[in-house]
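Chemist: Give me the fold of what follows.
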Amino acid sequence: MENDKNKLKLTSSEIGTLWQEYVTGTMTDIVNRYMFSIIEDDSIKAIFDDAIKTFAKQKNQIATFMENDGFPVPIGFTESDLNKGADRLFSDIFCLNYLHIMTLHGLIGHTTSLGVSVREDLRYFYDSCDNDAKRIYHQIIDLMLEKGAFQRDPMFYPTKRPEFVSSQDFKDGILGKGRRLSAIEIINLSYNLKKSIMAKTLSIGFSQVTQSKEVRKFLEDTENTSDGQIQSLSKIMHKDNLPIPTSMETEVTVSTDSPFSDKLMLYHIGFLFQTAQGYQGAGLASAIRTDLVKTYESIILKNLMVTKKWFNLMVQNKWFEQPPLAPNRKEIAKDKS
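Modeler: Numbers count the residues shown, from 1 in each chain. As a prediction, this is how the structure comes out:
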């Protein structure tokens with residue numbers, strides 16, 4: 001009976017998650033392998049080594065799933081996207097922060113993939129991927145805390161008893177009489193700030209080393225867009241005298257020697273802006289204060305404009321790999337006539 005469960009054909013959602021996990025995974029793996037080659041700290045290097053070996057096993061399994069159902073394995077990102085021996089572009093601490101953010105992406109991605117999978121072998125595969133990501137996540141957090149490189153979110157002091165909202169002013173954050181930020185709102189504020197800081201730092205580093213003038217212009221634009229998001233969200237935190245995550249621009253060296261292909265760097269920034277929309281949407285959904293709602297709406301709109309430019313640039317350069325599509329019934333019918 002168990003074998004019969006695993007003989008079920010892949011659904012559109014299952015092939016979609018496998019395809020996305022492969023493409024995104026190969027992108028991150030190229031970056032991880034470059035960072036592993038430049039990192040000097042042995043304790044950070046060991047975690048990257050674990051991440052690289054873990055993905056190598058996952059990559060082979062994803063390819064097997066797809067091939068067994070007759071789907072072509074995507075190209076994703078390969079050795080041709082890695083320029084071995086390139087000079088150091090990022091500090092060790094930035095590399096550790098990068099792995100932290102991308103592991104969080106992995107945790108959420110594996111959980112989503114598990115949630116849409118029916119086949120037993122896929123469910124257990126994504127369950128193991130999630131366990132691997134959690135193991136690496138714990139290692140990263142422990143090491144960041146040990147090195148004093150992890151900035152914890154703002155601390156709250158406990159109230160004496162539970163309280164209920166008693167005024168419509170609870171929604172008001174514009175006229176100056178609004179209440180302070182809630183712990184629920186700070187979850188997304190803090191997380192979106194950290195992700196925007198990461199996007200800005202990568203945009204700065206990538207813009208220094210890209211060969212294409214068009215890609216450089218786009219990266220300079222994403223740097224400015226990320227900075228605007230950081231300023232908008234920081235201003236809200238600052239009003240409540242809450243600490244703001246530290247910027248990481250100084251963790252980028254002055255190297256102009258590119259470790260990656262322009263295709264990888266452009267795709268990576270687009271990926272960060274695409275996924276950010278989901279997190280910013282979560283921030284909007286949890287926001288009650290009117291100033292916070294308006295800020296998220298503005299950020300999401302600007303992100304949509306960025307991703308539109310990104311898509312056009314990817315297609316223009318023939319770098320956008322097409323995911324599996326639903327069958328075109330009209331075209332199939334035409335072929336028979």
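
Chemist: what stretches of the chain score poorly on pLDDT?
Modeler: For the chain, applying pLDDT under 70 flags the ranges 1-6, 167-178, 335-337.

Chemist: Please, where are all the helices along it?
Modeler: Using DSSP state H, the helices of the chain run over 2-6, 12-38, 42-68, 92-116, 120-146, 183-209, 213-239, 262-286, 290-316, 329-336.

Chemist: Any idea which of those gets closest to Asp81?
Modeler: Shortest distance between Asp81 and the helices of the chain, using CB to CB, is found for helix 262-286: 4.4 Å. For the C-beta atoms, the positions are set from N, CA and C on the backbone; glycine is no exception.

Chemist: To Pro323, which of the helices of the chain lies closest?
Modeler: When the helices of the chain are compared by CB to CB, helix 12-38 sits nearest Pro323, at 5.3 Å.

Chemist: rewinding a little: I'd like the helices of the chain written out as JSON lines, with distance to Tyr157 added.
Modeler: JSON lines is the format used below for the helices of the chain (distance: least, CB to CB, whole Å):
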{"stretch": "helix 2-6", "distance to Tyr157": "52"}
{"stretch": "helix 12-38", "distance to Tyr157": "39"}
{"stretch": "helix 42-68", "distance to Tyr157": "34"}
{"stretch": "helix 92-116", "distance to Tyr157": "27"}
{"stretch": "helix 120-146", "distance to Tyr157": "22"}
{"stretch": "helix 183-209", "distance to Tyr157": "11"}
{"stretch": "helix 213-239", "distance to Tyr157": "17"}
{"stretch": "helix 262-286", "distance to Tyr157": "22"}
{"stretch": "helix 290-316", "distance to Tyr157": "22"}
{"stretch": "helix 329-336", "distance to Tyr157": "62"}
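
Chemist: Distance to Ser247 and mean neighbour count added to these, as CSV?
Modeler: As requested, these are exported to CSV (distance: least, CB to CB, whole Å; neighbours: other CB atoms under 10 Å):
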stretch, distance to Ser247, mean neighbour count
helix 2-6, 48, 10
helix 12-38, 20, 20
helix 42-68, 20, 16
helix 92-116, 11, 20
helix 120-146, 16, 17
helix 183-209, 6, 21
helix 213-239, 8, 18
helix 262-286, 16, 19
helix 290-316, 18, 16
helix 329-336, 51, 8
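
Chemist: What separation do you get for the closest residue to Arg88 other than its chain neighbours and Leu89?
Modeler: Nearest non-adjacent residue to Arg88, counting by CB to CB, 6 or more residues apart in numbering: Ile38, 4.6 Å away. Distance of Ile38 to Leu89, computed by CB to CB, to the nearest Å: 8 Å.

Chemist: just Ser298 next, same as before
Modeler: In terms of CB to CB, Ser298 sits 31 Å off from Leu89.

Chemist: circling back: can you check which of the helices of the chain gets nearest to Glu163?
Modeler: That would be, of the helices of the chain and by CB to CB, helix 183-209, which comes in at 12.8 Å.

Chemist: Measure how far that closest one is from the centre of its chain, please.
Modeler: Relative to the mean C-alpha coordinate of its chain, helix 183-209 is positioned 10 Å out (CA atoms, centre = their mean, to the nearest Å).

Chemist: contacting residues for Lys263?
Modeler: 77, 81, 317, 319 (CB atoms under 8 Å, 6 or more residues apart in numbering).

Chemist: Could you list which residues are in contact with Ile186?
Modeler: Contacts of Ile186 by CB under 8 Å, 6+ apart are 153-154, 237, 242.

Chemist: Give the buried subset of those as a PyMOL selection command.
Modeler: A single PyMOL command suffices to select whichever of the contacts of Ile186 are buried according to 16 or more other CB atoms under 10 Å:
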select buried, resi 153+237+242
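
Chemist: Identify the farthest-apart pair in the contacts of Ile186.
Modeler: Asp153 and Met237 (10.2 Å).

Chemist: Can you tell me how far Thr28 is from Val165?
Modeler: Thr28 is 42 Å from Val165, by CB to CB.

Chemist: whoops, I mixed them up, Lys9
Modeler: With CB to CB as the criterion, Lys9 and Val165 are 51 Å apart.

Chemist: same thing with Thr253?
Modeler: Applying CB to CB to Thr253 and Val165 gives a distance of 49 Å.

Chemist: Can you pick out the residue with more neighbours from these two?
Modeler: The neighbour count for Thr253 versus Val165, taken as other CB atoms under 10 Å, is higher for Thr253 (16 against 10).

Chemist: wait, isn't the more buried one in contact with Phe94?
Modeler: No - assessed by CB atoms under 8 Å, Thr253 is found out of contact with Phe94, at 9.7 Å.

Chemist: one step back: Thr246 is nearest to which of the helices of the chain?
Modeler: helix 183-209 (7.9 Å).

Chemist: Do I have it right that Ser37 meets Lys84?
Modeler: Yes - contact criterion CB under 8 Å: Ser37 and Lys84 qualify, at 7.4 Å.

Chemist: which residues do those two both contact?
Modeler: With CB under 8 Å, 6+ apart as the test, Ser37 and Lys84 reach no residue in common.
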